[in-house]
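What would the 3D arrangement of this be:
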Amino acid sequence: MRFTYVLLLGLLGCLLLAQQGFGADTSTSTESSSESSTSSSSDSSTSASSSSATTEASSSDTTTTTTSATTTTTSSSSSSKAAARRRRARARRRRLARQRRRRQQRQRRRRQQQRRRRQQRRRQNRRG
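Numbering: from 1, shown residues only. So this is what the prediction gives:
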């Protein structure tokens, strides 16, 4: 289960790198994710910076998608951990209950055997 999440995160990271271009500076993508579309509209005054603004806007969308996927992965991972913890606790309670029942059955058998022995001794003493 954990391996699947790691694989998914790695795949999302690769897709993010592919969209940004492998040689792109990562500082521009972090700036664009922290700034909203205001920075892209202010950059659109010149034609050279408008193309970079478009790239930054698309990378910020990808960053948002990756962040939400990471959040989803983390929450599903924690919920599966909680479910596993509940299953283990349930199994432990069952095991303890089973042990308790067996112990009680052994005690009942011992008491019954002791009663029978006492009764046999009494009978032998009466006959004796």
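
C-alpha only now, for contacts and for neighbours.
Will do.

Need the pLDDT of Ser51.
Looking at Ser51, its pLDDT is 50.

low-confidence ranges in the chain?
Across the chain, the ranges flagged by pLDDT under 70 are 22-74.

redo that, cut-off 50
By pLDDT under 50, the weakly predicted segments of the chain are 24, 26-50, 53.

now the helices: where do they sit in this structure?
For the chain, applying DSSP state H gives helices covering 2-20, 26-34, 37-43, 47-127.

ok, Ala82 to Arg2 distance?
14 Å (C-alpha to C-alpha, to the nearest Å).

brain fart, Gln113
54 Å.

And for Arg116?
Look at Arg116 and Arg2: by C-alpha to C-alpha, they are 59 Å apart.

same deal with Gln114?
Gln114 is 56 Å from Arg2, where distance means C-alpha to C-alpha.

do the same with Gly21
For Gly21 relative to Arg2 (C-alpha to C-alpha), the value is 29 Å.

same question, Arg92
For Arg92, the distance to Arg2 - C-alpha to C-alpha - is 24 Å.

cool, and Arg106?
Computed with C-alpha to C-alpha, the distance linking Arg106 and Arg2 is 44 Å.

likewise Gly128?
Gly128 is 76 Å from Arg2, by C-alpha to C-alpha.
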